[in-house]
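Novice: from the sequence below, what's the structure:
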Amino acid sequence: MELVNSLLAAVACLKACNLSLPLQSHMQAGVCEFAVQLCAVSHVCIGMSALQVIDATTRHLELGSYLSWSEEQKTSWLLAELGGKRPLFPPGIDLSPDEAEVVSTFRMLADLPSDSLHSYIISMTRTASDVLSVVLLMRECGMADPLTVAPLFETLDDLYNAPGTLTTLLSSEWYRNHIISNHGGVQECMIGYSDSGKDAGRMAAAWSLFETQENIVNVADKYGVRLILFHGRGGSVGRGGGPTHMAIRSQPPKTIKGKLRVTIQGETIEQQFGEREVCFRTLDLYTSAVLEACLDPPSMPKQEWREMMHQLSETSCKVYRSYVFQRPEFIEYFNLATPVGELGRLNIGSRPASRKQTKGIEGLRAIPWVFAWTQTRFHLPVWLGIGDALSEAVEKGQLPLLQTMYDEWPFFKGLLDLVEMVMAKADPRVTAMYDAKLVRPELQALGDELRAKFAATKAQVLKIVRHQELLEDAASGAHPELDEKIRLRSPYVAPLNVLQVQTLHNLREFDASSGQDPHASYQPSETEIIELLSRDPHRDLGTKHPFQAAMDDCLMITIKGIAAGMQNTG
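Specialist: So this is what the prediction gives:
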């Protein structure tokens, strides 16, 4: 009733101002019917935050720095503490503000109704001790019904180490008894598509995710534990997205055992669930794909296919990283050629653009990394490295094998079909326009080099899928209507790119001029324009110049328009 009373008070205030609250009666009825929550939610936190609390505890107990211990020492100590009954936090322990916030968060979770929470997801899980430290803090903070702790494996190294991490956990008798008694013998693991793609490129990430799923399911089967995979897929192909049915059907055999958990990204919720008919269609696709995966699983890939994927993955990852992480001029080129810097300034996401303050790609989140390249119609995270890997295999006389894999293996077919679809939406001519207007002349050679890579990748993909042009053959499984949609949207998206380039140029010149730019004298007098700029929720009226506010508004319009035009690669 407290929430209902607050809602009624808000309605009364609005009515006093001759305003109304849309869907008031529906909101009030929903609160009365469902209370505060509709379903259980998951809590996501970076694993390091819990480790810092444990480290502060061991240092206070004069046991040394927990963070400096070996993984074997950490695991042994944590299991000993979990098996005992003594309190973890000694009286008078001194915690930093960040550490105290972590503890207060655990205690807040302990106070919530148990049916309102589902799991505690540990982002950037590296080792088994990351999981055990969270379980220990839950007990220490009074959580009577401990949440399911789901490790999230994101980078290529973490995915590779995931089977070992899970083996360490499940080989512990205490931990097995813990999940049997508290979670019905079910262990949940989340695999991240976004950061693995940013770390290694799409092809290497896809293959690593495929193998990791196979391996951790085998580990769980060995210890008699039921494993539920939680797929952390993004909305765009660069972050693991794509057609629902294709994505599920291309998963490894025997990894979907009647249950599937996936993330639905904010930018795709309206597309997939915004209307009643569309919602039922989406649920139908998920249900049918899961049933097919259980009743008619794909056959195990042949050994020669696995060996080929190892070869392709290694080469593509090497080429991808040689540009993204090893070319010193790449980060500057990326910042100049795309609106990535402006994306962070406009507050259009739910989280900061970077996990930490760093000028490199490493700290940048996968969302702005993919989104920035989408805005310039280049989609580099999806295809970079793939062309070199395919070319190397073709030069070795392995084209027939690649074509057989495409024809007979859902995983490989799905991968190349998605790459082909994204490349059909790309337009290197638009990217060249961004370079010419925004990039310093000495860096433009890198852009030319990348566009040559794009053309070479396109040629290799077409060779393997046996197409003359992208998306040309409906019989191969591609959708003929998609090509028509792209051709119809392109004339409307291209002017937005032109407008965005000019807007970025104006904004950057204005910022660099320190008020000496010719546009600094811009002071709108039209009532409509002044009112429009005053409604900008991101505008600081005391510091943002009217010209800057106008350009930010224009940039936001182009960003939304281009993303809408790119659809599932936006």
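Novice: helix/strand/coil for residue 231?
Specialist: Taking DSSP: H, G, I helix; E, B strand; the rest coil as the rule, one finds residue 231 in the strand state.
Novice: residues near it, how many?
Specialist: Neighbour count of residue 231, defined by other Cβ atoms under 10 Å: 19. From N, CA and C alone the C-beta is placed, and that goes for glycine too.
Novice: so it touches residue 191, yeah?
Specialist: Yes - with contact defined as Cβ atoms under 8 Å, residue 231 and residue 191 form a contacting pair (6.3 Å).
Novice: quick check: longest helix of this protein.
Specialist: In the chain, with assignment by DSSP state H, the single longest helix is helix 480-513.
Novice: ok now it, how far from the chain's centre?
Specialist: With Cα atoms, centre = their mean, to the nearest Å as the basis, helix 480-513 stands 24 Å off its chain's centre.
Novice: ok, now stretch 78-93?
Specialist: Relative to its chain's centre, stretch 78-93 lies at 36 Å (Cα atoms, centre = their mean).
Novice: quick check: buried residues in it?
Specialist: By neighbour count on 16 or more other Cβ atoms under 10 Å, the buried set for stretch 78-93 is 78, 79, 81, 82, 88, 89, 93.
Novice: what's the per-residue pLDDT of residue 200 here?
Specialist: Note on residue 200: pLDDT of 90.
Novice: same check, this time on residue 222
Specialist: 94.
Novice: next, count neighbours for the closest residue to it other than its chain neighbours.
Specialist: Leaving out its chain neighbours, the residue that sits closest to residue 222 by Cβ to Cβ, 6 or more residues apart in numbering is residue 170, at 7.8 Å. Using other Cβ under 10 Å, residue 170 has 21 neighbouring residues.
Novice: same thing with the one 5 residues further on?
Specialist: Here the neighbour count serves as a burial measure; for residue 175 (other Cβ under 10 Å) it reads 24.
Novice: follow-up on the earlier one: can you tell me how far the residue nearest to residue 222 sits from residue 225?
Specialist: Look at residue 170 and residue 225: by Cβ to Cβ, to the nearest Å, they are 6 Å apart.
Novice: any shared contact partners between those two?
Specialist: Residues touching both residue 170 and residue 225 (Cβ atoms under 8 Å, 6 or more residues apart in numbering) are 176, 187.
Novice: can you give me the helices in the stretch 451-570 of the chain?
Specialist: Here the stretch 451-570 of the chain has its helices, by DSSP state H, counting those that start in this stretch, at 480-513, 527-534, 546-566.
Novice: and the longest one, what's buried?
Specialist: What that stands for is helix 480-513. By 16+ other Cβ under 10 Å, the buried positions in helix 480-513 come out as 483, 486, 493-494, 496-497, 499-501, 503-504, 506-507, 510.
Novice: and the angle from that helix to helix 546-566?
Specialist: Calculated by axes from the mean of the first three to the mean of the last three Cα atoms, to 10 degrees, helix 480-513 forms an angle of 160 degrees with helix 546-566.
Novice: and helix 480-513, what other elements does it pack with?
Specialist: The contact analysis (3 or more Cβ pairs under 8 Å, 6 or more residues apart in numbering; DSSP states H and E) places helix 480-513 against helix 410-425, helix 428-438, helix 546-566.
Novice: run the angle between the last one and helix 410-425 for me.
Specialist: In terms of direction (the same axes, to 10 degrees), helix 546-566 departs from helix 410-425 by 130 degrees.
Novice: so which bits of helix 546-566 are buried?
Specialist: Neighbour-count burial for helix 546-566 flags 546-556, 558-559, 561-563, 565-566 (criterion: 16+ other Cβ under 10 Å).
Novice: again with the shortest one
Specialist: Along helix 428-438, these residues count as buried under the neighbour rule (16+ other Cβ under 10 Å): 428, 430, 431, 432, 433, 434, 435, 438.
Novice: export these as CSV, with columns for distance to residue 101.
Specialist: As requested, the buried residues of helix 428-438 are exported to CSV (distance: Cβ to Cβ, whole Å):
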residue, distance to residue 101
428, 47
430, 44
431, 43
432, 47
433, 46
434, 41
435, 44
438, 40
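Novice: show me what whichever strand or helix holds residue 217 is packed against.
Specialist: Using DSSP states H and E, residue 217 maps to helix 202-222. Secondary-structure packing of helix 202-222 (3+ Cβ pairs under 8 Å, 6+ apart): helix 156-170, strand 186-192, helix 194-200, strand 226-232, helix 303-324, helix 380-383, helix 386-395, helix 410-425.
Novice: and of those, who's closest to residue 362?
Specialist: Each of the helices and strands packed on helix 202-222 has some distance to residue 362 by Cβ to Cβ; the shortest is helix 194-200, at 8.6 Å.
Novice: identify the residues contacting that closest one?
Specialist: The contact list for helix 194-200, computed with Cβ under 8 Å, 6+ apart, reads 154-156, 159, 205, 208-209, 232, 234, 238-240, 317, 320-321, 361, 364-367, 369-370, 381.
Novice: go on, stretch 90-106?
Specialist: Defining contact as Cβ under 8 Å, 6+ apart, one finds that stretch 90-106 is touched by 43, 45, 49-50, 52-53, 56-57, 60-61, 89, 137-138, 140-141, 143.
Novice: one step back: okay, the helices and strands packed on helix 202-222 in TSV with distance to residue 339 next?
Specialist: As requested, those are exported to TSV (distance: least, Cβ to Cβ, whole Å):
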stretch	distance to residue 339
helix 156-170	27
strand 186-192	25
helix 194-200	18
strand 226-232	25
helix 303-324	18
helix 380-383	14
helix 386-395	25
helix 410-425	18
